[in-house]
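**Student:** below are the sequence and a predicted model; questions follow.
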Amino acid sequence: MTTTGLSSSTARVVVIGASGYIGTNLVPRLVERGMRVRAVARNREVLEARGWPGVELAAADVLMPETLDAALRDIDTAYYLVHCMRAGDDFEANERNGAENFTRAAAHAGVKRIVYLGGLIPRGADSRHLLSRRLTGDRFRAGQVPVTEIRAGIIVGPGCASFEIIRDLVNHLPLMITPRWVQSKSPPIALDNLVEYLIGVAQHEEAAGKIYDVAGPEMLSYRDLLRQYAEHVGKRPWIIAMPVLTPRLSSYWLRLITAVPTSTARALIDGLKLHIEADDNAIRALIPQRLLTYREAVAAVFETEQRNAVAARWTEGALMYRNYNSDYAYYAKRDGAFYIANASPEAVWRQVTSIGGDNRYFFANALWTIRENIDWALGGPGRNRGRRHPTELRVGDTIDSWRVIGVDAPRRLSLAFGMKAPGAAVLEFEIMPIDEIHTRINLTAYWHPAGVWGLLYWFAFSPSHFIVFNGMVREIAARAEKAERSGTGA
């Protein structure tokens, strides 16, 4: 069976799961090395927001085999970065089916190597998520295409759930009542070091068919990680471990005080009950590099966020949508609504872009007025009503106390919240044509809380979102339908 090394500038690479935090950092590094890269995710629009020059973008889903042939065509090496941590109780079947679909499609397409990112498995592990990752690697090895599996534990990088929990805990709580798992030790690895390993193994033919543990230079407890991060940001939280907090209770607790998705947090906690060790001698000999300490890795996170601060539309964790403040939660809380209009996308778009000013907000304007008056009383711009033009919008325009941060006619309008609040918010409208006479209107609010007050603010307003947002999309649809029936177009 032939293999290939990724050493030529003509090498063709695909990254499956490119929209995740690993893929987002791997893709530009591959491009820097002269590779021809195809980035693939379920949602192509998310990839478009990355703004990667010279990268081919494609949409595919490993659970839909018919989408994989085009994604893998003319590819030498495929990076598989897909994990189903948010898939609920079906994640094991999804992981298995996804791996089987992918390895069959890769063999059919003539892919020469698969690089799979798995997880370190501690002795005595009973975590379904960790064991599922091991089984996923086994599925790949049972296929026809040689696979190299990289097993990592805690990854220190923007967007990594284990790191974002640390950030949220330190930023939100001066006193932490924590479960016993904060005393478990593991060897955290910096995102930059992991990416270097991922690129490096594909350049060595002898890595085909191998499994490599990867790790940083230190064994640290989660308590150590919390304290060292706190020192970096100038905080000194009290950390008290309590034996009564089970992993399940811990995941519910994290849901209240962090913005990390609950299913992801639960999967992480299941893997933190035991010490995690790694034997990384083999990969350190194969790919020598200087491994960053945890303190150095934390500093690199802030540098990375500043470097990638600007995004073309709302993107999870983008610093510009967190008020350029790394203390704001990386993951966003979100609420929204949708409605199907019997109108064209153009008719819906004309209504959406008329928001604010004299037109107000389509629904529950009294509630909007109350919020504006509260902001004004606190010294904010709540009563600053008006807009540059009654129907036209461009990036940078001010609509009352909102700022236009994205205009993609007639598909998407993104607005940044300008009132005083303990966090950063974005309101995004998406217009999606269904057929010639039906258009779906999606409205989503993203909230990056700033500390515990930001979380309390979100939970206080969240009940009203269902009423307000559903009313808004229904009214937009009704106005668009009426305009088309009357032939006014406005």
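**Tutor:** Sure, I can see it.
**Student:** in this structure, where's the longest helix?
**Tutor:** What stands out as the longest helix in the chain, according to DSSP state H, is helix 451-486.
**Student:** how far does that one sit from the chain's center?
**Tutor:** 24 Å (CA atoms, centre = their mean, to the nearest Å).
**Student:** state the mean pLDDT of that helix.
**Tutor:** On average, the pLDDT along helix 451-486 is 92.
**Student:** one more: stretch 370-388?
**Tutor:** So the average pLDDT for stretch 370-388 ends up being 90.
**Student:** what comes up buried for that stretch?
**Tutor:** Using 16 or more other CB atoms under 10 Å as the test for burial, stretch 370-388 gives 371, 372, 375, 376, 380, 381, 382, 387. For the C-beta atoms, the positions are set from N, CA and C on the backbone; glycine is no exception.
**Student:** could you do stretch 104-117 as well?
**Tutor:** By 16+ other CB under 10 Å, the buried positions in stretch 104-117 come out as 105, 106, 109, 111, 112, 113, 114, 115, 116, 117.
**Student:** next: stretch 406-416.
**Tutor:** Residues of stretch 406-416 classed as buried by neighbour count (16+ other CB under 10 Å): 406, 407, 410, 412, 413, 414, 415, 416.
**Student:** next helix or strand past the helix or strand encompassing the second one?
**Tutor:** Here residue 407 sits within strand 402-408, counting by DSSP states H and E. Next in sequence after strand 402-408, counting helices and strands by DSSP H and E, comes strand 412-417.
**Student:** adjacent strands (with direction) for the very next helix or strand once past that next one?
**Tutor:** Proceeding N to C from strand 412-417, the next assigned helix or strand is strand 423-433, under DSSP H and E. Using DSSP bridges, the strands paired with strand 423-433 are strand 412-417 (antiparallel), strand 439-449 (antiparallel).
**Student:** residue 170: which of the ones you listed is closest?
**Tutor:** Closest approach to residue 170 among the strands paired with strand 423-433 (CB to CB): strand 439-449, 13.7 Å.
**Student:** now do that closest one and helix 451-486, the angle between them.
**Tutor:** Using axes from the mean of the first three to the mean of the last three CA atoms, to 10 degrees, the inter-axis angle of strand 439-449 relative to helix 451-486 is 160 degrees.
**Student:** buried sites along strand 439-449?
**Tutor:** Result for strand 439-449 [16+ other CB under 10 Å]: buried residues 439, 440, 441, 443, 444, 445, 446, 447, 448, 449.
**Student:** the nearest residue to residue 295 once chain neighbours are set aside: what's it in contact with?
**Tutor:** The shortest distance from residue 295 to any non-neighbouring residue, by CB to CB, 6 or more residues apart in numbering, is to residue 228 (5.7 Å). Neighbouring residues of residue 228 by CB atoms under 8 Å, 6 or more residues apart in numbering: 220, 294, 295, 298.
**Student:** for residue 188, see how far away residue 228 is.
**Tutor:** According to CB to CB, to the nearest Å, residue 228 and residue 188 sit 10 Å apart.
**Student:** so what sits against both of those two?
**Tutor:** Counting by CB under 8 Å, 6+ apart, the residues touching both residue 228 and residue 188 are 220, 294.
**Student:** show me what the residue lying closest to residue 56 once chain neighbours are set aside is bridged to.
**Tutor:** Spatial nearest neighbour of residue 56, excluding adjacent residues (CB to CB, 6+ apart): residue 38 at 4.4 Å. Beta-bridge partners recorded for residue 38 (DSSP bridges): residue 14, residue 56.
**Student:** ok, residue 38 touching residue 58?
**Tutor:** Yes: under the criterion of CB atoms under 8 Å, residue 38 makes contact with residue 58 at 5.9 Å.
**Student:** more crowded one of the two?
**Tutor:** For residue 38 versus residue 58, the count of surrounding residues by other CB atoms under 10 Å is larger for residue 38: 24 against 18.
**Student:** ok, now which ones touch that one?
**Tutor:** Applying CB under 8 Å, 6+ apart, we find residue 38 in contact with 12, 13, 14, 15, 55, 56, 57, 58, 71, 75.
**Student:** hang on, the second one packs against residue 35?
**Tutor:** Yes: at 4.8 Å, residue 13 and residue 35 qualify as touching, with contact defined as CB under 8 Å.
**Student:** quick one on the thing from earlier: I'd like the strands paired with strand 423-433 as a markdown table, with distance to residue 203 appended.
**Tutor:** A markdown table is the format used below for these (distance: least, CB to CB, whole Å):
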| stretch | distance to residue 203 |
| --- | --- |
| strand 412-417 | 39 |
| strand 439-449 | 38 |
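**Student:** what is the end-to-end distance of stretch 184-204?
**Tutor:** Taking CA to CA, to the nearest Å, stretch 184-204 runs 34 Å from one end to the other.
**Student:** that stretch: how far from the chain's middle?
**Tutor:** The chain centre lies 20 Å from the centre of stretch 184-204; the measure is CA atoms, centre = their mean.
**Student:** now do stretch 366-383
**Tutor:** With CA atoms, centre = their mean as the basis, stretch 366-383 stands 32 Å off its chain's centre.
**Student:** so who does residue 103 touch?
**Tutor:** Counting by CB under 8 Å, 6+ apart, residue 103 has contacts 114, 139, 140, 142, 143, 144, 145, 147.
**Student:** just the buried ones from the residues you listed?
**Tutor:** Here, 16+ other CB under 10 Å leaves 114, 139, 140, 143, 145, 147 buried among the contacts of residue 103.
**Student:** quick check, nearest of the residues you listed to residue 354?
**Tutor:** Distance to residue 354, by CB to CB, is smallest for residue 114 among the buried ones among the contacts of residue 103, at 50.0 Å.
**Student:** what's the following helix or strand after whichever strand or helix holds the closest one?
**Tutor:** Secondary structure assignment for residue 114, by DSSP H and E: strand 113-119. Counting by DSSP H and E, the next helix or strand C-terminal to strand 113-119 is helix 128-141.
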